[in-house]
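Visitor: Sequence first, predicted coordinates after that:
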Amino acid sequence: MFRNNYDNDSVTYSPTGRLFQVEYALEAIKQGSAAVGLVSKSHVVLVALKRNAEELGSYQKKIIKVDDHMGIALAGLAPDARVLSNYLRKQAMSSKMIFNRPLSTSKAVLSIADKAQENTQSYGSRPYGVGLLVAGYDETGAHLYEFQPSGSVLEYFGAAIGARSQAARTYLERNLDIIRESDSVESLIVHGLNALRDTLSQDVELTFKNTSVAVVGKEAEFTTYDDESVQQWLDKLDSVSNARNRGDDDAGDADADADATEAAEGDAEGAGTTESSGDAPATETAPEDRMETDE
Amino acid sequence: MTSIGTGYDLSNSVFSPDGRNFQVEYAMKAVENGGTSIGLKCKDGIVLAVEKIINSKLLVPGKNKRIQTIDRHIGVVYSGLLPDGRHFVNRGRDEAQSFKSIYKTPISVPHLMDRLGIYVQNYTCYNSVRPFGVVSIVGGIDDNGPHLYMIEPSGTCWGYSGAATGKGRQTAKSELEKLNYEELTVREAVKAAAKIIHQAHEDNKDKDYELEISWISLDETKGRHEFIPDDLLEEAKKYAEEEDDEDEDDEEMES
Amino acid sequence: MNHNPLQWGRPSNDTYGQYNHNIANASVREADHQSLDSFPKMNTQQPIITGTSVIALKFKDGIIMAADNLGSYGSLLRFNNIERLIKVGSETIVGVSGDISDLQQIERILDELETTEEVYDNDGGHNLRAPHVHEYLSRVLYNRRSKMNPLWNAIIVGGFNDDKTPFLRYIDLLGVTYGSSTLATGFGSHLAIPLLRQLIPYDVDYVKVTEEEARKAVENSMRVLFYRDARAADKYSVVTIKKSEDDPSSYTFTHEKDLRVQNQSWKFAKDIRGYGSKQQ
C-alpha cells in the first residue's frame, strides 16, 4: 500500500532526513487548479482558475477575503483553506480589537505558518493539504506571500501555485521587471491573467465563469472580481487560450522546458479534462452578459 | 550495523540493539543539506551569520529573514527544516518571557539553553512526535558576558567559541578554528563571518545565496540583538569577495 | 468625579449615600465553613502606595508630559524616587498615576508588549505607536475592571498618530477613555487643567502653541500642584516628544529627570490660618 516504510505519518524521518507525508501534502497543492499572485510598488493582484466538479455544478471559490486590506488565493484542499482563512480573519479582528490597527501581512502569514508546523511534528494530525497566496497592503506597502503546508512562508514579487504553475512562474520571471514597474492596476491584472493563461491545458480557455481576479493596494480595499465583473479584465487580453497549446511560436519555444517538467503533473490531473466540457457554453453566453453589464 | 530494513528506524524513541536512536540521526540528515549557519563568540559580543539559499529570483531580496530574536539580548540562527526552527524559537521566547514574568529580570543565556535543551530532548522520547529537524546556534550577552551555544536534534547542547552547522559546516569549522577568539572584536568578526559564509558556499555553488548577519555587543548595540547596519553588511560582503579574488590570484601565480 | 485616588471608581456619595468601608474590612474570622463558601471573593479595594497627578498637553509639533517622583503611603511621603513616565517603543510615553504596584505591573505588561511587537520578527515598519498602546491599555484596564479586580490607575498616553499629528489620550481604572489637547489625572484635573486651558482654550488651538509656551505652562502647573496638592512633590520628570527639526519623519524623545519646581514663593503661608502647631 505505501511506497515505503517512511511515509505513513509526519512523525517519521526517512533515512535521508525527509518527511514524506509533508512532501505528499505539497503534492496535494498541485492537484488543485492554478492561482497566481504578483506585486507592483503599490498593489497586489491575485488571479485564479476555478473548476467545477461537473457541468451542472458551481465553480469552487478560489479567492477568499480576510479583511479590507488582505485576502488569499488557494490551490489544493479548499476546506483546509477555509480553516486557515477563518483563523486569519480571527487574527485580523483581534488586531483591530486590541491594537486598533490592521493586522500586518507578515504577522498574518507567520501565524498560519506556525499553526501548520504543529501538524507536521505530532502524530494524529495531518499536514494541511493546501497552498495559499496571501496578498496584503499595510503600512509597509504591498506584500505577497506563499504559504505551504510544511509551515514555510516566503515573500515573493510574483508567485504561482497549483496545476502547471511552473508555466506561470516562468512568465512572471521573464516579465518581472515590467511587473515591478507597472504603475496601473490594469497592467498588473493583465500580466497576472497572461501568467494564468499559460497554465491552461489545451482545451480550456479563460472565461468569466472560471476566472477570479482580486486586487488590493494603495487606497484600494481588497476587491474580488468574479463572473460578470471579471469580463472587463478578460476583454483586455489579446487571447484567452494558452498560446503554447495553440502552437504560437513566440511563447512556445521558451516554455518547452516548463512543459517538460509539468508533463507528469498534467497527466496525473484527472479533473483537468472533465472541467473543460462546461466551458464551451460559457464562452457563448459571454457577449450577452457583457451587454447587460454595459447598460 | 545498517539502519534500514531492521525496523528499528521506523519510530522515534526506539533504541536499536546497539543503542542508537535512528530517528534522531535521520533528523540530523535534514540539517546537513540546509544553508550554512555560523556563530562567533568574540571578546565583546556575538556575531551570527547565515547563507540564505535563494531558490527563485521571484523572492523579494532582503526579506524572509533567517536570523531571529528570542529576547532582546539573545539571537538564534539555524539550519535544517526552517518551520521547525520557528517552533524552536517560539518556545525560546515563551521560556524567556515566563522567566521574566517570575523573576522580573532577563533570562541568562546558559539558563535559557538549559530549558531549551530539555524541550528539544523531550521530542526524542515519544513515538507521537518527531525530533526537531534543526541545529540551532544561540548567542547572547548577559551579566556574565557573551555566550554561544549550539543545540542538536538530540537535545545535546554545548558551548562554543565558533560554531557552524548546515551544508558547508566542515569548511566553516576549519576556518573558524583559525580565529583568535580572545582578541577578536565583533566588528572584525562580522568581516570574518562574511568570508567564512562565502567560503562555505563553495559547497553549494550551483545556487545563489544572500548573506544575513546579526550581532550583539555592549558597545555596538547596547547589548541588544540586531541585524548589522546595511553599510557594514555591504563592506563585509565586499571584503569576503575581495579575499576570494586574491585567493584566485594566488592560485594562478602558484600554477 | 472625586479625584482623590482613594475614592476613584466609587459611586458618588451625593447620589448613593456614604460608601460602606466595612466591605474592605469585612472579617471572615467568625464565619463558619458554609458562610465562608458564600462569602464574596474580594479584590483590590483601595490603592496603597500612590502617585499623584500626571499632566500633559499637545503643542505645534509634539507633546509634553510631566509627573512628580513621589510615592505616597496615605499621607506619608514614603518614596521620592518613583519614575512614573514609561517609554514604550521609540515615540510613545505612558504617564501613570494611582497605585504604584499596579504601575509596576503595567510597566511589565508594556515591556512584554514591546518585546512581542517590536523585537520579534520585526523586519522594519509596523512600529508600536501611541494609538496602539492606548487601545491595548484600555483593553487591559477595562478587562480588569470587568473582573472586579481593577488596576488602580489613571493613565495618559502621549505620542503620535499614524498621520504624524500629536496624540494624547486618557484611560482610567474603569476603562473610561477620552482624548484632549490638555490632559491631567487626579488633582491635576482640578488644578492644572484650568491653567493649561488658558494656553489651549479649544482642542484645535494646540497648533498655535510653541514648545516653549507648552513647557512654561507645564512648569507653572507643576508649581501650583506642589503648592496645593499635599500628595505632590517638587521633584519631577518631563518628557517631550516632537518631530525632529532636520528630519520631520522622525521624532526626538527627551526624558528629563530630577527637575525641581522653580521660583517657589511661600509668602502666602504666613497668612494661612487654622493649621500648624500654633493657633493664631
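Guide: Nice, thanks for sending it over.
Visitor: Which residue is the nearest non-sequential neighbour of B:D143?
Guide: Leaving aside its chain neighbours, B:D143 sits nearest to B:S108 (7.0 Å; criterion: C-beta to C-beta, 6 or more residues apart in numbering or on different chains). Any C-beta I mention is one placed from the backbone N, CA and C, and that applies to glycine too.
Visitor: how close does that neighbour sit to B:I151?
Guide: Per C-beta to C-beta, to the nearest Å, B:S108 is found 16 Å from B:I151.
Visitor: before we move on, back to that, can you tell me which residues contact the residue nearest to B:D143?
Guide: Taking C-beta atoms under 8 Å, 6 or more residues apart in numbering or on different chains as the criterion, B:S108 is in contact with B:D142, B:D143, B:N144.
Visitor: Now that we have those residues, which of them are buried?
Guide: Listed as buried from the contacts of B:S108 are B:D142; burial here means 16 or more other C-beta atoms under 10 Å in any protein chain shown.
Visitor: any chance of the contacts of B:S108 in JSON lines, plus pLDDT and secondary structure?
Guide: Formatted as JSON lines, the contacts of B:S108 follow (pLDDT from 0 to 100; DSSP: H, G, I helix; E, B strand; the rest coil):
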{"residue": "B:D142", "pLDDT": "97", "secondary structure": "strand"}
{"residue": "B:D143", "pLDDT": "96", "secondary structure": "coil"}
{"residue": "B:N144", "pLDDT": "97", "secondary structure": "coil"}
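Visitor: Quick check: residues of the stretch 1-150 of chain C near chain B?
Guide: Contact residues (C-beta under 8 Å from any C-beta of the partner chain) of the stretch 1-150 of chain C with chain B: C:R108, C:D111, C:E112, C:T115, C:V119, C:Y120, C:D121, C:D123.
Visitor: what's the burial count for the fourth one?
Guide: Other residues within reach of C:T115 by the criterion other C-beta atoms under 10 Å in any protein chain shown amount to 18.
Visitor: In this model B:R72 seems to touch it, though I could be wrong.
Guide: Yes - C:T115 lies in contact with B:R72 (C-beta atoms under 8 Å); the separation is 6.8 Å.
Visitor: could you redo the contacts of B:S108 as CSV and give each row distance to C:L137?
Guide: Shown next, in CSV, are the contacts of B:S108 (distance: C-beta to C-beta, whole Å):
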residue, distance to C:L137
B:D142, 30
B:D143, 31
B:N144, 35
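Visitor: tell me which of the contacts of B:S108 is nearest to chain C?
Guide: B:D142 (16.0 Å; C-beta to the nearest C-beta).
Visitor: Next, A:S239: phi, psi?
Guide: phi -160, psi 150 (degrees, to the nearest 10).
Visitor: ugh, wrong one, B:E234
Guide: phi -60, psi -40.
Visitor: From B:Q199, how far out is it?
Guide: B:E234 is 19 Å from B:Q199, by C-beta to C-beta.
Visitor: what about those two, which has more around it?
Guide: B:Q199 (19 against 12).
Visitor: thinking that one is in contact with B:K173, fair?
Guide: No - contact criterion C-beta under 8 Å: B:Q199 and B:K173 do not qualify, at 11.1 Å.
Visitor: The helix or strand harbouring A:E221: how far from the chain's middle?
Guide: Per DSSP states H and E: A:E221 is located in strand A:220-225. Put simply, strand A:220-225 sits 16 Å off its chain's centre (C-alpha atoms, centre = their mean, to the nearest Å).
Visitor: Can you name every helix or strand that it contacts?
Guide: strand A:63-67, strand A:70-76, strand A:211-217 (3 or more C-beta pairs under 8 Å, 6 or more residues apart in numbering or on different chains; DSSP states H and E).
Visitor: now the second one: mean pLDDT?
Guide: Spelled out, it's strand A:70-76. In this model, strand A:70-76 has an average pLDDT of 98.
Visitor: sorry, back to before: the strand holding A:E221 - which strands sit beside it in the sheet, and in what orientation?
Guide: strand A:211-217 (antiparallel) (DSSP bridges).
Visitor: Could you list the buried residues of the partner strand?
Guide: A:T211, A:S212, A:V213, A:A214, A:V215, A:V216, A:G217.
Visitor: low-confidence ranges in chain A?
Guide: A:1, A:243-295 (pLDDT under 70).
Visitor: Please identify the residues of it in proximity to chain B?
Guide: A:5-6, A:10-19, A:110, A:113-114, A:116-118, A:120-124, A:150-152, A:154-159, A:169, A:172-173, A:176.
Visitor: hmm, 6 Å instead?
Guide: A:5, A:11, A:13, A:15-17, A:114, A:117, A:121-123, A:150-152, A:154-158, A:172-173 (C-beta under 6 Å from any C-beta of the partner chain).
Visitor: Which residue, other than its chain neighbours, is closest to B:E152?
Guide: B:V135 (5.3 Å).
Visitor: What's the first helix or strand after the helix or strand containing the one you found?
Guide: B:V135 belongs to strand B:134-142 when assigned by DSSP H and E. As assigned by DSSP H and E, the chain's next helix or strand after strand B:134-142 is strand B:145-151.
Visitor: Show me what that next one is packed against.
Guide: Other helices and strands packing on strand B:145-151, by 3 or more C-beta pairs under 6 Å, 6 or more residues apart in numbering or on different chains; DSSP states H and E, are strand B:37-41, strand B:45-54, helix B:109-122, strand B:134-142, strand B:157-159.
Visitor: That one: how far from the chain's middle?
Guide: On C-alpha atoms, centre = their mean, the centre of strand B:145-151 falls 11 Å from the chain's centre.
Visitor: tell me the mean pLDDT over that strand?
Guide: For strand B:145-151, mean pLDDT rounds to 98.
Visitor: Can you point out the buried residues in it?
Guide: Neighbour count says strand B:145-151 has B:P146, B:H147, B:L148, B:Y149, B:M150, B:I151 buried, by 16+ other C-beta under 10 Å.
Visitor: which one of these is nearest C:D203?
Guide: Using C-beta to C-beta, B:P146 comes nearest to C:D203 of those, at 51.2 Å.
Visitor: quick one, strands of chain C?
Guide: Using DSSP state E, the strands of chain C run over C:49-51, C:54-59, C:62-68, C:71-73, C:76-79, C:85-88, C:92-99, C:153-160, C:166-172, C:177-179, C:182-184, C:235-243, C:251-260.
Visitor: no, scratch that, I was asking about chain A
Guide: A:35-39, A:43-49, A:63-67, A:70-76, A:130-138, A:141-147, A:153-155, A:158-161, A:211-217, A:220-225.
Visitor: Dump the ones you listed to a markdown table, plus distance to C:L6.
Guide: Formatted as a markdown table, the strands of chain A follow (distance: least, C-beta to C-beta, whole Å):
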| stretch | distance to C:L6 |
| --- | --- |
| strand A:35-39 | 58 |
| strand A:43-49 | 55 |
| strand A:63-67 | 44 |
| strand A:70-76 | 48 |
| strand A:130-138 | 45 |
| strand A:141-147 | 51 |
| strand A:153-155 | 52 |
| strand A:158-161 | 61 |
| strand A:211-217 | 52 |
| strand A:220-225 | 50 |
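Visitor: Out of the ones you listed, flag the one nearest B:N55.
Guide: strand A:153-155 (8.6 Å).
Visitor: can you tell if stretch C:160-175 touches chain A?
Guide: No - using C-beta under 6 Å from any C-beta, we find that stretch C:160-175 stays clear of chain A, coming within 7.4 Å at best.
Visitor: from the chain's centre, how far out does that stretch sit?
Guide: 13 Å.
Visitor: same thing with stretch B:207-220?
Guide: Relative to the centre of its chain, stretch B:207-220 is centred 11 Å away, using C-alpha atoms, centre = their mean.
Visitor: Write out the residues of the stretch 51-200 of chain B neighbouring chain A.
Guide: Counting by C-beta under 6 Å from any C-beta, the residues of the stretch 51-200 of chain B that sit close to chain A are B:K57, B:L58, B:L59, B:V60, B:K63, B:N64, B:P83, B:R86, B:H87, B:S128, B:V129, B:R130.
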